[in-house]
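Peer 1: generate a structure from the sequence data that follows.
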Amino acid sequence: MTPLQYYSDNLVENSDLTTDFRTYMNKKAAERKLTRKKRSSPSKAAKSSVPRRRAKKTPEIEWLRGLICPFVYGERTPEGIRPSVTKNTLVGLWNIGLALPSLPNYKLLDHFNNRETLYFFGNGWSKAGRTLVMIDIDVLKSKGIGTAEGALDFANHLKQIWPNLYLERSTNGKGMHGYFILWKKNSDAPRTNSALKRLEAWLRAEAQKIKADIEQVEIKGTCLDMSFGSGTLESVKYGFFAKLPREVARFDEWEATTKLRVQDLEGRQFDVVEPIEPISVVNLPTPVVKVPISVVNLPTPVVKVLASAVSVKKTSVNGA
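Peer 2: Sure, this is the predicted structure:
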């Protein structure tokens, strides 16, 4: 059976009808194309009145782009940190093949100049060789404990373990941020995030061990996790946003910061052993043992004999 037999004989054989149909379809396609062009392209007057901001790529920008998630970034707003796209929007745009909004270079320059604050997720793609991770040392948060000096002391303690660890003050100037590069080739988002969870538990145990004067230590910049099925993106899990490093003048320290591997974080050196609580011994008072007194009921004849003996003894005593 040839493909033509699926269609109407009139449509196939009547060349005039076929030509008219194709002409009509081409006309409609041209109209749709023109409509899209008008919607997407502003007028010349609009272009001149509202110039589009642009900025050239710098070595610092290129370095950061290679270490963070390319699909979603975060911005600080009056309502809090907001992602560039919602989860539902990301899934929808991905499945119809439309491009996701990327992080503009000019926004990164504004971040470096302290005019804006940007955040990132880690790159969870298994073929991505590296991802940037942040150690967040918090003080004076919800519990109101810790000090700025305590945060700096704990950060310096970590530098004794990882001498090249890059450190910055947090946005509020009280906490500390430490940045390192995680080598994760062939590790997907779930495995990478699980390894970072182990590191977070180890860091908290380390803070308790040295009695650090901080409120909490956390791992930020965990990976965005995308789940696929039947050739489409079914769901996405966002990680924990981390602030991008800001002090661009220290770029050489960014590049030289500590490098760890997923395999390292999965090793025994990052196992956290829960402390065994000592068994408390309670000294109980010595119980008082009451010995019951048993009463012996003597037979009646015996009682009478004893009573007469006592009476005789009393008489003899009185006679004397």
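Peer 1: going along the chain, name the strands of the chain.
Peer 2: 73-77, 80-83, 118-120, 130-138, 166-169, 176-183, 216-220, 225-229, 232-237, 242-243, 259-261 (DSSP state E).
Peer 1: out of those, nearest to residue 91?
Peer 2: Closest approach to residue 91 among these is made by strand 232-237 (5.2 Å; CB to CB). Yep, even glycine has a C-beta here, placed from its N, CA and C like the rest.
Peer 1: report the rounded mean pLDDT for the closest one.
Peer 2: For strand 232-237, the mean pLDDT works out to 91.
Peer 1: among the strands of the chain, which is nearest residue 273?
Peer 2: Nearest to residue 273 among those is strand 216-220 (18.2 Å), distances taken as CB to CB.
Peer 1: okay, the strands of the chain in a markdown table with distance to residue 30 next?
Peer 2: As requested, those are exported to a markdown table (distance: least, CB to CB, whole Å):
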| stretch | distance to residue 30 |
| --- | --- |
| strand 73-77 | 37 |
| strand 80-83 | 38 |
| strand 118-120 | 41 |
| strand 130-138 | 46 |
| strand 166-169 | 55 |
| strand 176-183 | 51 |
| strand 216-220 | 50 |
| strand 225-229 | 36 |
| strand 232-237 | 31 |
| strand 242-243 | 48 |
| strand 259-261 | 55 |
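Peer 1: out of those strands, nearest to residue 55?
Peer 2: Of all these, it is strand 118-120 that lies closest to residue 55, at 13.6 Å by CB to CB.
Peer 1: please name every helix or strand in contact with that closest one.
Peer 2: The contact analysis (3 or more CB pairs under 8 Å, 6 or more residues apart in numbering; DSSP states H and E) places strand 118-120 against strand 73-77, helix 105-112, strand 242-243.
Peer 1: from these, which stretch is densest packed?
Peer 2: Compared across those, strand 242-243 shows the largest average neighbour count, a mean of 23 (mean count of other CB atoms under 10 Å).
Peer 1: what segments of the stretch 201-320 of the chain are helices?
Peer 2: 251-255, 262-265, 300-319 (DSSP state H, counting those that start in this stretch).
Peer 1: OK, contacts around residue 246?
Peer 2: Contacts for residue 246 (CB atoms under 8 Å, 6 or more residues apart in numbering) come out as 111, 112, 114, 168.
Peer 1: how much space separates the closest residue to the first one other than its chain neighbours from residue 93?
Peer 2: Read it as residue 111. Counting by CB to CB, 6 or more residues apart in numbering, residue 118 is the residue found nearest to residue 111 once chain neighbours are left out, at 4.5 Å. Distance of residue 118 to residue 93, given as CB to CB, to the nearest Å: 21 Å.
Peer 1: on that earlier part again, ok, so of the contacts of residue 246, who is nearest residue 141?
Peer 2: For those, the minimum distance to residue 141 (CB to CB) is 17.7 Å, reached by residue 168.
Peer 1: quick revisit: and the residue nearest to residue 111, how many residues sit next to it?
Peer 2: Residue 118 has 22 neighbours, counted by other CB atoms under 10 Å.
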